[in-house]
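*Asks:* Build me a model from this:
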Amino acid sequence: MKTTDLAKHLTSFLTIELASVRNVSSNTILSYRDTFKQLLSFMEIHKGIRPERLMIKDLTKEVVIAFLENIESVRGNSISTRNQRLAAIHALFRYLQTQEPDTIFQCQQVLSIPFKKQAGKTVRYLTEEEMSRLLSAPDQDSRKGRRDLAILCLLYDSGARVQELADLRVKDVRLSAPAQITLTGKGRKIRVVPLMKKTTAIIENYLKENSLDQAGTEGQPLFRNPRGEKLTRQGIAYILRKYTEECHLEGISPHKVRHSKAMHLTEADINPFFIRDFLGHADIKTTGIYAKSSLKMKKTALDRLNDSKQNPLPEQSHNESWNSDQDLMEWLNNLGK
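*Replies:* Numbering: from 1, shown residues only. Down below sits the predicted model:
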């Protein structure tokens, strides 16, 4: 069967444009893939067009709106999820109009579909007292507890996204002054984040206990599971959930810990522009407004929090031990496996 124009360009968009040209993360690619899987299923069930016969011309503005309404009303997705699906579709159609100029009017029609506004909601975050309880929960008398303490402290102290923490390797940690870690964020963007003294001591002891301070370990994952494999984002979320349940703290995800760091910095009267830079919020609309702060500026800002009474990081324990012809839907299902 002859490859359709949609199959050709969707494949190229996911594997070349996103992965190589835009250098987006694998998680973003998989999120986009899920959007198009849902869209293909919708077209087959509700429009009677099988994925292998679907053409660009079939994805009109009216059809895309119907798809978005379906995922809200039938699938029960939130406005946030609806907007994420639309963002993926917009990205594809921005790409299509450069590859198929004849479709530019149709592309512009789809790109004119607006995002839905959401009612403002309060950001859930942990207070300093709650964060202190959480970081005091791991058992520092056990090797596993000391590993978990290192994970939780670094997650909070760095304000890292959970995938950024999971991707850390030993070489990304610098313990000599000024102590810092190098994070790889969204879009493969690199940022350097300074560490407080308490976290530095905890990480230093963790590295020593696990022989990760030796030559030749630089490329190894910083955090590993009992099998010695890289700890996944799901593994980190599981560890966090275990301790939040122990502390009777509900609804706390790794991203809520990141929110908590941002709120604590804000409450310490840290300049909001420094906080944006520290967290890696690279909003293209605001990049011209402020200059990125240097590591020294971030360290100075964090030292203010370190010296304040609002610092919830625990003291270190004195325990020393320590393309071919694949069906389009099948191809999407296999992407990322």
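
*Asks:* can you pull the contacts of the closest residue to Lys186 other than its chain neighbours?
*Replies:* Distances taken as C-beta to C-beta, 6 or more residues apart in numbering put Ser25 closest to Lys186, at 6.1 Å, once the chain neighbours are dropped. C-betas here are computed from N, CA, C, even on glycine. By C-beta atoms under 8 Å, 6 or more residues apart in numbering, the residues touching Ser25 are 163, 186-188.

*Asks:* Could you turn the buried ones of the residues you listed into a ChimeraX selection?
*Replies:* The following ChimeraX line selects those of the contacts of Ser25 that are buried, judged by 16 or more other C-beta atoms under 10 Å:
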select :163
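
*Asks:* Any chance of a markdown table for the contacts of Ser25, columns distance to Lys242, secondary structure and pLDDT?
*Replies:* What follows is those, written out as a markdown table (distance: C-beta to C-beta, whole Å; DSSP: H, G, I helix; E, B strand; the rest coil; pLDDT from 0 to 100):
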| residue | distance to Lys242 | secondary structure | pLDDT |
| --- | --- | --- | --- |
| Gln163 | 20 | helix | 92 |
| Lys186 | 27 | helix | 76 |
| Gly187 | 31 | helix | 72 |
| Arg188 | 31 | helix | 78 |
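
*Asks:* mind putting the contacts of Ser25 in JSON lines, distance to Met329 included?
*Replies:* Formatted as JSON lines, these follow (distance: C-beta to C-beta, whole Å):
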{"residue": "Gln163", "distance to Met329": "27"}
{"residue": "Lys186", "distance to Met329": "28"}
{"residue": "Gly187", "distance to Met329": "28"}
{"residue": "Arg188", "distance to Met329": "29"}
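
*Asks:* Can you tell me which of the contacts of Ser25 is closest to Phe13?
*Replies:* Nearest to Phe13 among the contacts of Ser25 is Gly187, at 16.4 Å by C-beta to C-beta.

*Asks:* Hmm, Arg124 and Lys256 touching each other?
*Replies:* Yes: applying C-beta atoms under 8 Å, one finds Lys256 in contact with Arg124, separated by 5.7 Å.

*Asks:* Spell out the secondary structure type for Val193.
*Replies:* Classification of Val193 using DSSP: H, G, I helix; E, B strand; the rest coil returns strand.

*Asks:* Contacts only, for it.
*Replies:* Applying C-beta under 8 Å, 6+ apart to Val193 gives the contacts 158-160, 180-183, 278, 298.

*Asks:* May I ask which of those residues has the most neighbours?
*Replies:* Sorting those by how many neighbours each has (other C-beta atoms under 10 Å) puts Ala160 first, at 26 neighbours.

*Asks:* distance of the residue nearest to that residue when sequence neighbours are not counted from Leu222?
*Replies:* Nearest non-adjacent residue to Ala160, counting by C-beta to C-beta, 6+ apart: Leu183, 5.6 Å away. Note on Leu183: its distance to Leu222, by C-beta to C-beta, to the nearest Å, is 11 Å.

*Asks:* Please identify every residue contacting each of the two.
*Replies:* Overlap between the contact sets of Leu183 and Leu222, as judged by C-beta under 8 Å, 6+ apart, is given by 168, 172.

*Asks:* returning to that earlier point: give me the secondary structure label for the residue nearest to Ala160.
*Replies:* strand.

*Asks:* and it, bridged to which residues?
*Replies:* Leu183 has these beta-bridge partners by DSSP bridges: Arg191.

*Asks:* Okay, it and Lys47: tell me how far apart.
*Replies:* 43 Å.
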